[in-house]
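>>> One predicted model, sequence on top.
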Amino acid sequence: MKHEEVDVLIIGAGPAGSIAAAYLHKQNIPVKIVEKMLFPRLVVGESLLPRSMDRFDEAGLLETLKSQNYQIKSGARFIRNEQICEFDFSKKFGNGWDWTWQIPRADFDKAITDELEKKGIDISFETEVFSVNISDENCKTFIRRKNGEDSVILSKKIIDASGYGRVLPRLLELEDDSKLSPHSAIFSHTKEKNRPIGKEGTQITFDIIETEVWLWVIPFSDGNTSIGIVGNTDYINKLIDDSGSLDAALKEALNRSDFYRDRFVDTEFIFEPKLLKNYSTSVKKMYGKNYVLTGNSTEFLDPVFSSGVCFATESGALAAELITKELQGKKVDWQKDYEEYMKYGIDVFTTYVKEWYTGNLQELFFFQPENPDVKEKICAVLAGYVWNKENPFVRKHDSVIRNMAYLIKMNS
Ligand code: FAD
């Protein structure tokens, strides 16, 4: 079988794999990406968090992304019936970026991989990893090209950034159950005919239909808008059964929104709506000798706070930094420096997701009069700064939301 050699092989060219590749290439480490699909390809994950901007900058990708003129996202709006809660990233606790983007992901990922290729990074599209053999000495990755030709890549390290492909979790039996209850989503894009002028037309919004059911509206700068409905899986199954098709189900979801019903009354979807069922995932461990898992191939929580790409960029960058150290002969404590670090941020967002669906966090969001001190601290979490332990809404995440919601309920 034909074979080639590289220092680091990356599986998947989404944000996790691309950031990792850009970092390694900057350190002059020979790297190759193998990607199953041809880009642009359909992928969900269109609302970014400011924390990712740090990582795009460090990876040398920021200027390319700025030149794409994506819709600026400077905060987020949550709606529950008549109540509105708006977060403005410039009014958050601590330092950090106060804006990011709303992006059509297919274009975004293509813009990044084009830039990586321009920098000289080898990306093999339409090439699927189907088997691996990882030993203490090296890694053998077996790949199949679209024309059916198989070959093997020898590398010192593998970074798994295969997202929902979950290549190493499947092949190495690392899959674990998610701690979150099963939720599902239906989504598509629409070309807006009645988009309001100004902020109303461009602001990202999460509209709560029921405590566990919410709609996303993410306007892009090209005039298209992403729409999705998320709910517990029983709700989504019933919505589809009652409506008869995914198209009808997503239109019915829009019809259930008092806020958006009129704006999207005659909406036609650009592509047949997609269903993502029971999307939360987890793994037993995030690394092993000569390999590391990043992005969605580790843990995916929930779309409600748009944490997915943030974790993808954070883990992709960190994995690349640590591999660089190791290849330079330095010792790396993967448990402490990688898994425990990543888990800390994941645990913070896990609490926020859980408390969103219990309704406790929604109590804090919509409480009147607003408490600016509480709000700026929650805002920093929603901006992705979930490793800043000076923020009590990070440090005490497992109790603070529940306790404050309890006080609100006791006093109402
Ligand atoms: P991906 O972007 O999925 O990239 C993985 C790549 O690996 C793919 O291109 C795939 O083709 C490739 N691959 C897979 N298998 C193989 C193989 N065998 N060989 C070679 N290549 C392979 N996140 C946000 O930040 N904001 C949001 O608004 C948001 N909304 C979401 C809504 C829903 C309903 C869901 C389910 C998720 C959402 N996410 C969101 C999460 C987001 O989609 C992911 O967290 C993010 O795309 C992860 O990036 P990644 O690089 O890990 O994986």
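The structure has been received and is ready for your questions.

>>> starting at the chain centroid, how far to the longest helix seen in the chain?
For the chain, the helix with the greatest residue count under DSSP state H is helix 308-327. Distance of helix 308-327 from its chain centroid, counting by Cα atoms, centre = their mean, to the nearest Å, is 15 Å.

>>> again with stretch 329-338
The answer for stretch 329-338 is 25 Å, by Cα atoms, centre = their mean.

>>> The longest helix of the chain and the ligand, any residue contact?
Yes - with Cβ under 6 Å from any ligand atom as the criterion, the ligand is reached by helix 308-327 at 308, 309, 310, 312. C-betas here are computed from N, CA, C, even on glycine.

>>> mind listing what's buried in that helix?
Going by neighbour count (16 or more other Cβ atoms under 10 Å), the buried part of helix 308-327 is 308-324.

>>> try stretch 358-367
Using 16+ other Cβ under 10 Å as the test for burial, stretch 358-367 gives 360, 361, 362, 363, 364, 365, 366, 367.

>>> and if you look at stretch 216-229?
Under 16+ other Cβ under 10 Å, the buried positions of stretch 216-229 are 216, 217, 218, 219, 220, 224, 225, 226, 227, 228, 229.

>>> List, out of these, those positioned next to the ligand.
Of the residues in the buried residues of stretch 216-229, proximity to the ligand by Cβ under 6 Å from any ligand atom holds for residue 228.

>>> and the chain, what are its domains?
With domains defined by automatic domain parsing, the chain comprises 2-73+99-176+281-344, 183-276.

>>> End to end on the first one, go ahead and measure it.
When you say that, I think you mean domain 2-73+99-176+281-344. 42 Å (Cα to Cα, to the nearest Å).

>>> Now find how far off-centre that domain is within its chain.
13 Å.

>>> what's the average pLDDT for it?
Mean pLDDT, domain 2-73+99-176+281-344: 97.

>>> picking that back up, could you identify which of the domains of the chain is most buried?
domain 2-73+99-176+281-344 (a mean of 20; mean count of other Cβ atoms under 10 Å).

>>> follow-up on the earlier one: need the residues of helix 308-327 next to the ligand in a markdown table (columns: distance to residue 130).
Compiled in a markdown table, the residues of helix 308-327 next to the ligand are given as follows (distance: Cβ to Cβ, whole Å):
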| residue | distance to residue 130 |
| --- | --- |
| 308 | 25 |
| 309 | 26 |
| 310 | 30 |
| 312 | 23 |
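
>>> Pull up the residues of the stretch 51-200 of the chain that are close to the ligand.
For the stretch 51-200 of the chain, the contact set with the ligand under Cβ under 6 Å from any ligand atom comprises 128, 129, 161, 162, 163, 164, 165, 167, 185.

>>> So which of the residues you listed are in strands?
128, 129, 185 (DSSP state E).

>>> circling back: let me know the closest of the residues of the stretch 51-200 of the chain next to the ligand to residue 60.
residue 161 (17.8 Å; Cβ to Cβ).

>>> Find the nearest non-adjacent residue to that closest one, please.
In space, and not counting its chain neighbours, residue 161 is closest to residue 17: 3.2 Å by Cβ to Cβ, 6 or more residues apart in numbering.

>>> Doesn't that neighbour belong to a helix?
Yes - if the criterion is DSSP: H, G, I helix; E, B strand; the rest coil, then residue 17 is within a helix.
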